[in-house]
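Student: predicted model, plus sequence, below.
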Amino acid sequence: IIKDVAANGYHSLALDTDGGLYSWGAGSSGQMGDGSKVSRNKPVAVNVAGTPLEGKTNTITQLAVGEFNSMVLTSDGKVYSWGRGSNGVLGNGTLVDMSTPAPVEVATTGTPMAGKTIVQIALSGTNAYALDSLGAVYSWGCTLGGAFGNGTTTGSTTSTSCTAGVEAKPVAVNTVGTPMAGKVIVEIGAGSSFAIARTQAGETYGWGSNGSGRLGDGTTANRSLPIRIPIRLQKLAVGYTMTAGLGTDGYLYSWGANNYYQQANGTTANVTTPTARAPFTARAIDKISTGAYNVFVLDYGKNLYGWGYNTYGDLGIGNTVTPQQTPR
């Protein structure tokens, strides 16, 4: 019985109730975790024998998938990864793709994440993020656009898969002197070279690349340190170049890229500040999910709505008309 699934880009992961871990899709960087760099059009078992994850798959609490990487979190707060290494996302201190042996454990010795218990992970194409039990955030991978949130856009090494520096081990997001100073983060989300985080009270923060206004601060200027976003959210859904979330007032909000009408406002103009999206209310929304260029909302009546990109039938509405301007 499958109990969890994650997808992003070109491959997917699934976990069953017996601790079986499976993958399918693109595998050119070893992201299948089956010891190959072969794409799979049917699920294959991730081979954990002889790896740090052996005997621990039944303790996995979260799956995360990036464009070329796979990652899992276990109940003891440890993070394991496999796939592309040249972007630093493996977090094991190397820039080597990891298909055998895989998975590897994210290296924390000598880093700010040493001794911390991780409770959530987030993954994008070139960046990884981790949230610890005390509400602090860590990052590794490509530093492009200030995606680390530590005040820098360069790293200790360079990589052909990143146009900026790479840090292949975790660094701490720097909150000193920022609006996020002293805040306890409870949820994180990762997009293309940017991250969004929120507190229990719904205070929302972002850092990194701000193309298309994806940070929601009213500008398109990149931010290498956390900024406050003028919205309070109780749920996050971060896409490739946009963000959506359920506000503490019960309304659906979104901002960022709008090239395929993913903002559902009848235009293709990017949105640089959080904007409410009718007709969803607190009584209606159960879950929110974002794809690269579309948004899905599940209401408490188990009705599923989608809008945005639809060239390949992405929205499941019976046609391939693209884009879909309003929720269907």
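Tutor: Received, thanks.
Student: need phi/psi at Leu144.
Tutor: With angles defined as degrees, to the nearest 10, Leu144 shows backbone torsions of phi -50, psi 130.
Student: report pLDDT for Val186.
Tutor: Looking at Val186, its pLDDT is 98.
Student: do the one 3 residues further on as well
Tutor: In this model, Gly189 is scored at 97, pLDDT.
Student: ok so Asn58 is a helix residue?
Tutor: Yes - secondary structure of Asn58 (DSSP: H, G, I helix; E, B strand; the rest coil): part of a helix.
Student: contacting residues for the residue positioned nearest the centre of the chain?
Tutor: Central residue of the chain (Cα atoms, centre = their mean): Ala190, 3.3 Å from the mean position. Ala190 makes contacts with 122-124, 127-129, 238, as judged by Cβ atoms under 8 Å, 6 or more residues apart in numbering. (Each C-beta comes from the backbone N, C-alpha and C, glycine too.)
Student: so which of those residues comes closest to Gly91?
Tutor: When those are compared for distance to Gly91 (Cβ to Cβ), Ala128 wins out at 6.0 Å.
Student: now the closest one: which helix or strand?
Tutor: In the assignment (DSSP states H and E), Ala128 maps to strand 127-132.
Student: any idea of the mean pLDDT for the helix or strand just after that strand?
Tutor: Once the chain leaves strand 127-132, the next helix or strand it forms, by DSSP H and E, is strand 137-142. The average pLDDT within strand 137-142 is 96.
Student: and strand 137-142, what does it pack against?
Tutor: When contacts are defined as 3 or more Cβ pairs under 8 Å, 6 or more residues apart in numbering; DSSP states H and E, strand 137-142 packs onto strand 127-132, strand 165-172, strand 194-199.
Student: in the second one, what counts as buried?
Tutor: Just to be clear, that refers to strand 165-172. 165-172 (16 or more other Cβ atoms under 10 Å).
Student: quick one: name whatever helix or strand follows that strand.
Tutor: Going down the chain from strand 165-172, the next helix or strand is strand 185-191, by DSSP H and E.
Student: still on that earlier bit, lowest pLDDT pick from the buried residues of strand 165-172?
Tutor: Lowest pLDDT among the buried residues of strand 165-172: Gly165, 87.
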